[in-house]
Each structure stands twice: as C-alpha cells, then as structure tokens.
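Enquirer: here's my sequence, what's the structure:
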Amino acid sequence: MANDVLATAKEKMAKTQSVLQKELSSLRAGRANPQLLDRITVDYYGTPTPLTQIGNISAPEPRMLVISLWDTSMISAVEKAINASDLGIHPSNDGKVIRLVVPELTEERRKELVKLVKKQGEEAKVAVRAIRRDANDALKKMQKASEITEDDLKTLEADVQKATDKAIKEIDGILAQKEKEVMSV
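Expert: Sure thing, here's the model as predicted:
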C-alpha cells in the first residue's frame with residue numbers, strides 16, 4: 001500500500017515533465033515546427049476542431065510551414081484561427097495550401113521566450129512539489145492508522161524526496177535545453 005503511494009507520486013511527476021515538454025514544444029524558436037500549430041482550433045462546421053485533424057502540416061523549409069487542408073473550403077476559417085492565435089505569424093494561401101513563414105526572432109523576443117520558458121518550468125516544479133506534499137501526507141495518514149511503522153515512514157519520505165529531486169533536476173535539464181534552443185541564432 002505504501003509503495004503504491006510512492007509509485008503514484010513518481011508517475012504523476014513523470015506526467016508533469018511530459019506536459020512541460022509538450023508545452024515547450026509549442027514555443028517557437030525561429031524554426032518552423034509543425035507542433036507550433038498544436039494548440040490552434042478551427043471552427044469546423046460548428047465544432048472547434050484541432051488544426052492537426054483537418055489537414056496535413058509539413059515543414060518543407062527550415063522557416064516555413066505548409067498546411068494542406070483536406071477540405072479547401074476551410075482555408076479562410078483556418079487563416080482566421082491562425083491570425084487570432086498568439087503566434088504572430090500571418091498566413092498566405094494560393095487557393096490550395098496555406099503557407100506560414102516563420103520570421104527570424106529578435107533578441108528582445110528571444111528574451112521574452114526565455115522568461116516564458118522559465119515561468120512554465122517553475123510551474124512544473126511547483127506541481128512536482130505539490131505531488132511530494134500529497135504523497136507525504138498520505139504516508140503520514142498511513143502511519144497514524146498504524147499501517148506502516150515510523151521507520152517505514154522515514155524511509156518512504158526519503159524515497160519521495162529522492163523522486164522529487166530527480167524530477168526537478170530533469171525539469172531543469174529540459175529548461176536548459178529549451179533556453180539554449182531559443183537563444184541560438
């Protein structure tokens with residue numbers, strides 16, 4: 001039972017890291033990446049639909065994305081959704097495909113992105129610490145209910161702390177890699 005608490009905590013910490021990586025992959029760093037468009041939803045016949053589900057997105061050049069829609073009548077709706085997003089990229093189309101040229105990032109914009117990366121990383125660390133607190137609380141309840149001994153409690157709390165330290169170290173590594181990617185020209 002006590003090991004379940006530890007396993008659950010480790011699993012939640014791993015999920016927190018994967019969510020952070022997914023969020024960071026949608027930040028653009030001067031290169032065209034189809035994942036930039038993951039958060040964009042289009043009103044597809046009255047239903048908000050992710051852009052990735054109504055067409056193919058490819059990156060034929062380092063700074064260009066091409067969106068080939070399966071239903072070309074949706075071009076104007078897709079352009080409207082991209083313009084309404086926080087990407088800051090303006091689409092152009094030739095009637096069949098939509099092209100997005102990713103502009104070169106300015107130094108100022110790069111610094112803003114690094115701040116955003118750090119903010120998301122700090123949120124992930126706070127989430128990991130909350131998971132640690134919840135796990136420790138559950139273990140203390142088990143000790144009060146005489147399900148585990150005080151020695152077991154100390155050992156398990158140490159294991160939870162090791163898992164927390166490991167998760168935070170991995171988050172720091174993810175952040176360092178993304179900062180390096182954002183700041184490289």
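Enquirer: identify the residue nearest Asp159 in space, chain neighbours excluded?
Expert: Leu6 (5.6 Å; C-beta to C-beta, 6 or more residues apart in numbering). Using the backbone N, CA and C atoms, a C-beta is placed for each residue, glycine as well.
Enquirer: which residues touch the one you found?
Expert: By C-beta atoms under 8 Å, 6 or more residues apart in numbering, the contact list for Leu6 reads 135, 156, 159-160, 163.
Enquirer: how much space is there between it and Gly173?
Expert: Separation of Leu6 from Gly173 (C-beta to C-beta, to the nearest Å): 23 Å.
Enquirer: what does Tyr44 give?
Expert: 38 Å.
Enquirer: the helices in the protein, which residues?
Expert: 2-25, 75-84, 107-144, 150-183 (DSSP state H).
Enquirer: quick one: closest of those helices to Ala59.
Expert: helix 2-25 (13.3 Å; C-beta to C-beta).
Enquirer: for the closest one, what does the pLDDT average out to?
Expert: Mean per-residue pLDDT for helix 2-25: 88.
Enquirer: which ones are touching the residue of the chain positioned farthest from its centre?
Expert: Within the chain, the residue lying farthest from the chain centre (C-alpha atoms, centre = their mean) is Ser146, at 40.4 Å. For Ser146, no residue counts as a contact, taking C-beta under 8 Å, 6+ apart as the criterion.
Enquirer: pLDDT weak spots in this protein?
Expert: Applying pLDDT under 70 to the chain picks out residues 26-31, 185.
Enquirer: quick check: nearest residue in space to the most centrally placed residue in the chain, chain neighbours excluded?
Expert: Nearest residue to the geometric centre of the chain (C-alpha atoms, centre = their mean): Glu23, 1.7 Å. Spatial nearest neighbour of Glu23, excluding adjacent residues (C-beta to C-beta, 6+ apart): Gln120 at 5.5 Å.
Enquirer: number of nearby residues for Asn83?
Expert: Residues near Asn83, counting by other C-beta atoms under 10 Å, number 12.
Enquirer: Gln161 and Arg132 touch, don't they?
Expert: Yes: the criterion here is C-beta atoms under 8 Å, and Gln161 meets it with Arg132 at 7.0 Å.
Enquirer: neighbour count winner among these two?
Expert: Arg132 (21 against 13).
Enquirer: burial count for the closest residue to that one other than its chain neighbours?
Expert: Among residues not flanking Arg132 along the chain, Thr164 sits closest, at 4.4 Å (C-beta to C-beta, 6+ apart). Using other C-beta under 10 Å, Thr164 has 21 neighbouring residues.
Enquirer: can you check Lys10 too?
Expert: 19.
Enquirer: same thing with Glu104?
Expert: 8.
Enquirer: ok, Ile98 to Thr41 distance?
Expert: 15 Å.
Enquirer: more neighbours: which of the two?
Expert: Ile98 (24 against 16).
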